[in-house]
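1. Show me the folded form of this:
(one chain, ligands or ions: 1)
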Amino acid sequence: MNSTPTSKANAPTTPVAKTQTAPASSNTTKTDTQIAYVNGVAHPIIQGETILAMLRRVMGPEPVPTLCDAPNLEPFGSCRVCSVEVALVQDDPSKVMASCHTPVANGQFITTHNERMKRLRRNIVELVLSNYPTEQTGRRRTMVPTSYTTWCNRSVQHR
Ligand code: FES
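-> Numbers count the residues shown, from 1 in each chain. Okay, the predicted model is just below:
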């Protein structure tokens, strides 16, 4: 009987990535397809698209919380609840940017969720709620509930 090692024993020990991740020098590489990295995964970008629009395209309808974003308004970046971290070089210091208002660009490294973003969003929401009269969070007959008032009512109930 031949006792040569099986192919498993000769298999490479280096793990194979399941998703495409950012190469070390990706921000300096010229390619035909422009890409941005969302939480470390490469995605093609569409010129003129905002970061939030791209996130919705690749992550689903609610990739990050929003407050002032509305389909019938031009993005104006007022509340900053949709903020994400954006770096131009992987693992370099990032800037916090309003995703609904910032155009996506080739080679951006976008982080949607981490402790810093959670804390920032929580602080913003607390500031908004602290300046919102509780008597106005109740539903009035003439008032069409918006996502904002629904959100305020839920938040007031949990105080
Ligand atoms: S949703 Fe308000 S700044 Fe983006």
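
2. If we go by neighbour counts, what in the helix or strand hosting A42 is buried?
-> Assigned by DSSP states H and E, A42 belongs to strand 41-44. Across strand 41-44, burial judged by 16 or more other Cβ atoms under 10 Å covers 41-43. Glycine gets a C-beta too; all of them are placed from N, C-alpha and C.

3. what comes up buried for the following helix or strand past it?
-> Downstream of strand 41-44, the first helix or strand assigned by DSSP H and E is helix 51-59. Within helix 51-59, the residues scored as buried using 16+ other Cβ under 10 Å are 51-57.

4. give me the subset of these touching the ligand.
-> Subset of the buried residues of helix 51-59 in contact with the ligand: empty, counting by Cβ under 6 Å from any ligand atom.

5. between these, which is nearest the ligand?
-> L52 (6.7 Å; Cβ to the nearest ligand atom).

6. from what I can see that closest one touches D69, true?
-> Yes. Contact criterion Cβ atoms under 8 Å: L52 and D69 qualify, at 6.7 Å.

7. got the residues of this structure near the ligand?
-> Contact residues, the chain versus the ligand (Cβ under 6 Å from any ligand atom): 66-69, 77-82, 98, 100-101.

8. got the contact list for stretch 36-44?
-> Contact with stretch 36-44 is made by 19-22, 26, 33-35, 45, 51, 54-55, 58-59, 90, 104-113, as judged by Cβ atoms under 8 Å, 6 or more residues apart in numbering.

9. Quick check: end-to-end length of that stretch?
-> By Cα to Cα, to the nearest Å, the extent of stretch 36-44 from end to end equals 6 Å.

10. can you tell me the average pLDDT over that stretch?
-> For stretch 36-44, mean pLDDT rounds to 97.
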